[in-house]
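[1] Task: produce atomic coordinates for the following.
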Amino acid sequence: MSVVVPPSRSASALLPVRPWARREDGERLHALVWRAGPGWRMVSSAVLGGGLGERRWVLNAQVSHGYRRTDPDRHLAELAADAGVRGPGVGLLTAADVSRPGQACDGGVEAVVTAGLGVRGWAASPAEGATGPQPAGTVNIVVALPVALTDAALVNAVATATEAKVQALLDAGYDCSGTPTDAVCVAARTPRAGEEAHPFAGPRSLWGARLARAVHAAVLDAAGP
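    I've put the predicted structure just below:
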């Protein structure tokens with residue numbers, strides 16, 4: 001059963017996420033929905049709608065801490081239908097409370113971050129990787145740019161967002177690079193006819209630098225007390 005809840009605490013021109021809530025197995029769980037509409041290309045590591053292509057929405061859904069479903073893509077598709085979004089989109093999961101996300105804007109780039117850091121560590125760990133389902137604590141990053149990027153620049157933007165996330169976690173006092181289930185989604189405008197897409201999104205490029213600062217500030221906001 002879904003429940004309509006009031007708009008989020010922070011208005012946004014480019015990335016206006018809206019809260020949505022449901023009851024699942026007797027527990028009230030929250031989600032954030034961005035109804036982007038047409039005109040967006042997204043690159044994401046998400047289990048639903050991951051990869052690169054035209055996308056119309058992003059759903060960041062909270063699940064219970066004991067989450068053990070092995071079909072998260074199907075689960076997210078069901079939740080998206082319940083939330084009323086249609087067409088191709090991106091679905092993210094987290095055990096973190098998403099009702100108060102970290103948000104930031106820099107030079108027209110907007111970022112929304114949810115952070116569950118109960119299970120965290122370094123990407124290059126000397127121990128063997130864990131087998132089986134991973135805990136769904138998760139830092140989920142969604143960032144939107146008001147310009148078009150080439151395919152290569154979109155991939156570069158994912159790397160830039162990840163670098164900014166790690167920098168923010170260290171600045172927040174966490175001795176880690178993230179959690180085992182972190183996910184990212186970068187959205188850029190679809191190029192108009194005759195428009196040239198920006199070819200760079202590294203941290204010293206114009207739009208990459210803005211993206212890095214927005215993600216850094218949003219992760220600090222989400223990971224803070």
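[2] Next up, the contacts around residue 137.
    Contacts for residue 137 (Cβ atoms under 8 Å, 6 or more residues apart in numbering) come out as 94, 95, 96, 116, 117, 118, 119, 120, 179, 181. (C-beta placed from N, C-alpha, C; glycine too.)
[3] Name the nearest residue to it, ignoring sequence neighbours.
    The spatial neighbour of residue 137 that comes closest, neighbours along the chain excluded (Cβ to Cβ, 6 or more residues apart in numbering), is residue 116 at 3.8 Å.
[4] list the contacts for that neighbour?
    With contacts defined as Cβ under 8 Å, 6+ apart, the neighbours of residue 116 are 94, 95, 96, 97, 136, 137, 138, 139, 179.
[5] what comes into contact with stretch 203-212?
    Outside of stretch 203-212, the residues within contact range by Cβ under 8 Å, 6+ apart are 106-109, 111, 143, 145, 147, 149, 153, 156-157, 160-161, 163-164, 186, 198, 200-202.
[6] sorry, back to before: write a ChimeraX command that selects only the buried members of the contacts of residue 116.
    Once 16 or more other Cβ atoms under 10 Å is used to decide burial, the buried members of the contacts of residue 116 can be selected in ChimeraX as follows:
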select :94,95,96,136,137,138,139,179
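[7] Considering the contacts of residue 116, which is situated nearest to residue 67?
    Within the contacts of residue 116, distances to residue 67 taken as Cβ to Cβ reach their minimum at residue 136, with 4.9 Å.
[8] any idea which helix or strand of the chain has the worst average confidence?
    strand 2-4 (a mean of 37; mean pLDDT, DSSP states H and E).
[9] Widest-spaced pair of the contacts of residue 116?
    97 and 179 (14.9 Å).
[10] Could you confirm residue 73 falls within a helix?
    Yes. With DSSP: H, G, I helix; E, B strand; the rest coil as the criterion, residue 73 is part of a helix.
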